[in-house]
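> Mind looking at a prediction? Sequence and model below.
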Amino acid sequence: MAASARIFSSANFNSHVKNVRFQLPCRNRQRLHLRSRQRVSKLSLGSPNQRFLSLTSFANFSPAQFSVSGGCLDRIFFGTKENSCNWNFAPTRISDGPHGGLFDDEKGPEVTVVVLGWLGSKPKHLRRYVEMYNSKGIHAVTFVASVTDVLWFDLGKKLEERIENLAQELAEWLSNSSNGRDRFLMFHTFSNTGWLAYGSILVNLRDRKDLMEKIKGCVVDSGGDPNLDPKVWAAGFTTALLKKNSSAIYPSPDKSTGPQSGNMENGLKTEPKETFSIEPWMLSTFEKLFSYLLNLPFAKEKLLRIVSCLSTDQPHCPQLYLYSSGDKVIPFQAIESFMEQQRRAGKEVWCFNFGPSPHVDHYRTFPDVYTSKLDSFLKKCLSSVASPMPS
């Protein structure tokens, strides 16, 4: 028997968005628990033959205008079938390469970078970053969130519990060194989804001052907007759903300043002339939805607690903001304002503006510049725990 999930139906909510109804595919959900102790939570929301999305009563939009396959909906709402939290351990010995090894012996400290993906990302999208860190002798653990994860974070405890489990696992790793080597953490976040996940981890760890001192740096790629702006959330969800059909993956034509084009690997993508007819409708719909959701007392309280921690209780370690004026999801002015706030609070802030580069696309578009900025930042962050990397 099919069961539908309604996102609010009060009269107050209907004044913003009318009759939002999702009918989701059946799927067994597997949640990662600590140290390979796994719990399985089964969620039955329909039969395999009832894989469709029904949206009605929105600004004269007809669902018949587009169709989405069941497999596509699986990927959109439930993400990848792979584990969303994966450890990738660096080899003990690092051969000479373009990045150079930073920790390449069995006696020095161990460093793990926590790579927190953008909304709708998959482990395969983070692979190039994992490989870059592993080539320096740095372990990497990846964490991704699907659209459903984030919606359920606002409405329930699903994502919150996953982040709590990740924070506990990181605390265990920092505290339980079997070989006597010192252990340290870094973070590399993408978009506001990864950045807020980082803030949630800090909330879970901030009572452990001994562990907070082991966080040596944070890289914020295309994120760092502390404002609970429905337009930003709408842009993020629309981009996550449309993926390659979103205009946000293309550069803004009026943002011409940035790194020299000679540093680009594949060149800036050109936005096709065809319009994305569904995109304006989705932006408007999600903006109405989040105008309501972000003002719900319990959701607003949770998010403000995370933003407050990011604003005032970040570890005393350097922060690197990699952003662009051409980002169509996160306003660069909001990032620059937050960076200035952090500087006034006495934090060491590094930054680089990639100009026309699209949202979370800076490494692909400007790989040489991105790698250079990251290498310099790592030298600064880890200079107290390891010998400097080769120039």
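Great, that's in hand. Numbering: from 1, shown residues only.
> would Thr92 count as being in a strand?
No - under DSSP: H, G, I helix; E, B strand; the rest coil, Thr92 falls outside any strand and is assigned coil.
> So the nearest residue to Leu294 once chain neighbours are set aside: helix, strand or coil?
Among residues not flanking Leu294 along the chain, Leu228 sits closest, at 4.8 Å (Cβ to Cβ, 6 or more residues apart in numbering). (Each C-beta comes from the backbone N, C-alpha and C, glycine too.) At Leu228, secondary structure determined by three-state DSSP is coil.
> mean confidence for the helix or strand hosting Val150?
In this structure, Val150 sits in helix 147-155 according to DSSP states H and E. When pLDDT is averaged along helix 147-155, the result is 69.
> Quick check: what element follows that helix along the chain?
Elements were assigned by DSSP H and E; along the chain past helix 147-155, the next helix or strand is helix 158-175.
> What residues of that next one count as buried?
158-160, 162-163, 165-171, 173-174 (16 or more other Cβ atoms under 10 Å).
> which residue ranges form the helices in the stretch 201-350 of the chain?
Secondary structure of the stretch 201-350 of the chain by DSSP state H, counting those that start in this stretch: the helices cover 209-212, 230-242, 278-293, 297-312, 332-344.
> what's the most buried one of those helices?
helix 230-242 (a mean of 22; mean count of other Cβ atoms under 10 Å).
> so what does it touch, helix or strand wise?
strand 110-119, helix 147-155, helix 191-205, helix 278-293 (3 or more Cβ pairs under 8 Å, 6 or more residues apart in numbering; DSSP states H and E).
> So what are the sheet partners of the first one and their directions?
Counting by DSSP bridges, the strands paired with strand 110-119 are strand 139-145 (parallel), strand 183-190 (parallel).
> before we move on, back to that, now, among the buried residues of helix 158-175, which is nearest to Asp327?
Proximity of the buried residues of helix 158-175 to Asp327 (Cβ to Cβ) peaks at Leu159, which lies at 23.6 Å.
> In this structure that closest one contacts Asp149, no?
Yes - counting by Cβ atoms under 8 Å, Leu159 does reach Asp149; the two are 4.5 Å apart.
> Walk me through the domains of this protein.
Using automatic domain parsing, the domains assigned to the chain come out as 1-74, 79-382.
> what pLDDT, on average, does the first one get?
Throughout domain 1-74, pLDDT has a mean value of 40.
> quick revisit: nearest approach to Phe332 belongs to which of the helices and strands packed on helix 230-242?
When the helices and strands packed on helix 230-242 are compared for distance to Phe332 using Cβ to Cβ, the nearest one is helix 191-205, at 12.9 Å.
> Output the contacting helices and strands for the closest one.
Using 3+ Cβ pairs under 8 Å, 6+ apart, the elements in contact with helix 191-205 are strand 110-119, strand 139-145, helix 158-175, strand 183-190, helix 209-212, strand 215-221, helix 230-242, helix 297-312.
> per-residue confidence averaged over that helix?
Looking at helix 191-205 alone, the average pLDDT works out to 97.
> Report the inter-axis angle for it versus helix 297-312.
Computed by axes from the mean of the first three to the mean of the last three Cα atoms, to 10 degrees, the angle separating helix 191-205 from helix 297-312 equals 90 degrees.
> hang on, the earlier thing: okay if I get the helices of the stretch 201-350 of the chain as JSON lines plus mean pLDDT and distance to Met132?
What follows is the helices of the stretch 201-350 of the chain, written out as JSON lines (pLDDT from 0 to 100; distance: least, Cβ to Cβ, whole Å):
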{"stretch": "helix 209-212", "mean pLDDT": "96", "distance to Met132": "25"}
{"stretch": "helix 230-242", "mean pLDDT": "96", "distance to Met132": "24"}
{"stretch": "helix 278-293", "mean pLDDT": "95", "distance to Met132": "32"}
{"stretch": "helix 297-312", "mean pLDDT": "95", "distance to Met132": "25"}
{"stretch": "helix 332-344", "mean pLDDT": "98", "distance to Met132": "23"}
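> Need the ones you listed in JSON lines (columns: distance to Trp350).
Formatted as JSON lines, those follow (distance: least, Cβ to Cβ, whole Å):
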{"stretch": "helix 209-212", "distance to Trp350": "20"}
{"stretch": "helix 230-242", "distance to Trp350": "23"}
{"stretch": "helix 278-293", "distance to Trp350": "31"}
{"stretch": "helix 297-312", "distance to Trp350": "17"}
{"stretch": "helix 332-344", "distance to Trp350": "9"}
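> Go through the ones you listed and name the closest to Pro251.
Nearest to Pro251 among the helices of the stretch 201-350 of the chain is helix 332-344; the distance by Cβ to Cβ comes to 13.0 Å.
> Quick one: list the elements packing against that closest one.
On a contact count with 3+ Cβ pairs under 8 Å, 6+ apart, helix 332-344 meets helix 297-312, strand 319-323, strand 349-353.
> which other residues reach the longest one?
Counting by Cβ atoms under 8 Å, 6 or more residues apart in numbering, helix 297-312 makes contact with 153-155, 160, 195-196, 198-200, 202-203, 206, 226, 228, 293-294, 338, 341-342, 345, all of which sit outside it.
> Kindly report the same for the second one.
Contacts of strand 319-323 from elsewhere in the structure, counted by Cβ under 8 Å, 6+ apart, are 217-222, 224, 330, 332, 335-336, 339, 342, 347-354, 362, 370, 373-374, 377.
> quick check, Cys381 in a strand?
No - counting by three-state DSSP, one finds Cys381 to be helix, located in no strand.
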